[in-house]
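need a structure here:
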Amino acid sequence: MDWHDTDLGFSDWFHLALTGVTATDWLPEWEPLPHLLELDDE
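The predicted model follows:
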């Protein structure tokens with residue numbers, strides 16, 4: 001759901017979108033934390 005389709009303020013909606021509470025069709029789905037770091041040997 002996009003922000004303009006809700007009655008939330010943008011910052012509230014954006015926080016919910018980034019934490020996965022609000023589903024969006026334009027944000028990627030992230031793997032659960034912690035994320036592993038890959039080091040480049042170059």
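
C-alpha only now, for contacts and for neighbours.
Noted.

which regions of this structure lie under the pLDDT threshold?
Residue ranges of the chain with pLDDT under 70: 1, 24, 26-28, 30, 35, 42.

Now do the helices in it.
For the chain, applying DSSP state H gives helices covering 10-18.

which ones are touching residue 3?
9-10, 13-14 (CA atoms under 8 Å, 6 or more residues apart in numbering).

So it versus residue 40, what's the distance?
38 Å (CA to CA, to the nearest Å).

Next: residue 16.
33 Å.

Compare the two and say which is more crowded by neighbours.
Taking other CA atoms under 10 Å, residue 16 and residue 40 do not tie; residue 16 has more neighbours (14 against 5).

Residue 41 and residue 22, how far apart?
For residue 41, the distance to residue 22 equals 38 Å [CA to CA].

more neighbours, these two?
Higher neighbour count among residue 41 and residue 22: residue 22, with 14 against 4, using other CA under 10 Å.
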